[in-house]
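Asks: Predicted model, plus sequence, below.
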Amino acid sequence: IYGLLFACLCVLGLQQPAFADIDKNKAVEMIENLTKEGIEQIINSNSSQAEKNEVFRKLFTENLDLDFIGKYVLGRYWRTATPAQRKEFISLYKEFNVSTWSKRFDEFKGKKFVFDGTSASSNKNQIFVNTEVPMEQGAPIDVKWRVYDHNGKLKIIDIIIENVSLAQTARNEYTAFIAKSPDGVEGLLKNLREKTK
């Protein structure tokens, strides 16, 4: 999933850069807590994969706005999906990413996230928190976190690794799948059910 997460300027409606109307320090503090007290601790522990998955499930639930992400990822199909299909998609999407990212972040075992300030977003209530993970060989891995303020509460709505957006990648994959599936959204749900077993 090196092709997964966060900084295409067209993702989630990005247009021209502008200064974000969001507390930069609070956004950085949020990601610091997530990485240092959550991700780094669990990937550097001797916990089982099941235990790691449970921690990532908790981190995802608390820190990501899954409703926002789910609506974006389904694109135009969100409008045609039934309320039950929307609810199940968000649940399956979370479970699929819990196992995916639990294993993905294992590649950073023994490493620490280094913070490199913030970048502006065209949306006043969004900001990018910039981090990188130094590797033993090669250049550091660039990881950006898109944080937004929804009614005073900060949430992550995308993660970008090496300039590849998780949200955009999922949107491209899922909308293409639905377009080709004779069962539409239900076909995607069936596929995700099988993947999360």
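Replies: Perfect, thanks for sending it. Everything quoted here is computed from the prediction, not taken from an experiment. Numbers count the residues shown, from 1 in each chain.
Asks: tally of neighbours for Phe128?
Replies: Using other C-beta atoms under 10 Å, Phe128 is surrounded by 21 other residues. C-beta: built from backbone N, CA, C; applies to glycine.
Asks: Please report the distance of it from Pro83.
Replies: Distance of Phe128 to Pro83, given as C-beta to C-beta, to the nearest Å: 32 Å.
Asks: Quick one: the helices in the protein, in order.
Replies: 24-34, 40-43, 49-63, 66-74, 77-80, 83-104, 166-180, 185-196 (DSSP state H).
Asks: So for Glu132, which of those sits nearest?
Replies: Proximity to Glu132 (C-beta to C-beta) singles out helix 24-34 among the helices of the chain, at 12.4 Å.
Asks: Of all the helices of the chain, which one is nearest Glu136?
Replies: helix 40-43 (15.4 Å).
Asks: May I see the buried residues of that closest one?
Replies: For helix 40-43, burial by neighbour count (16 or more other C-beta atoms under 10 Å) applies to Glu40, Ile42, Ile43.
Asks: Using TSV, lay out those together with pLDDT and distance to Val28.
Replies: Shown next, in TSV, are the buried residues of helix 40-43 (pLDDT from 0 to 100; distance: C-beta to C-beta, whole Å):
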residue	pLDDT	distance to Val28
Glu40	91	16
Ile42	88	21
Ile43	87	21
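Asks: of these, closest to Gly152?
Replies: Closest to Gly152, out of all of those and judged by C-beta to C-beta, is Glu40, at 27.4 Å.
Asks: What residue, apart from its backbone neighbours, is nearest that closest one spatially?
Replies: Once flanking residues are discounted, Glu40 sits nearest to Lys112: 6.1 Å by C-beta to C-beta, 6 or more residues apart in numbering.
Asks: check contacts around that neighbour.
Replies: Each residue near Lys112 by C-beta atoms under 8 Å, 6 or more residues apart in numbering is listed here: Lys36, Glu40, Val133, Pro134.
Asks: Okay, now the unreliable bits of this protein?
Replies: For the chain, applying pLDDT under 70 flags the ranges 1-20.
Asks: Residues in a beta bridge with the nearest residue to Asp65 once chain neighbours are set aside, which ones?
Replies: Excluding the flanking residues, the one nearest Asp65 by C-beta to C-beta, 6+ apart is Lys155, at 3.9 Å. As for beta bridges, Lys155 partners with Tyr148 under DSSP bridges.
Asks: Also the one 4 residues further on?
Replies: For Ile159, the beta-bridge partners under DSSP bridges are Trp145.
Asks: Distance check, it against Lys153.
Replies: Using C-beta to C-beta, we find Ile159 at a distance of 18 Å from Lys153.
Asks: which one of these two has more residues nearby?
Replies: Ile159 (21 against 8).
Asks: Quick check, that one in contact with Arg146.
Replies: Yes. Ile159 is within contact range of Arg146, at 7.4 Å (criterion: C-beta atoms under 8 Å).
Asks: Name the residues of stretch 50-70 that come out as buried.
Replies: 52-53, 55-57, 59-60, 63-66, 68-70.
Asks: May I ask which two of those residues are separated the most?
Replies: The most distant members of these, if one measures by C-beta to C-beta, are Lys52 and Phe68, lying 25.1 Å apart.
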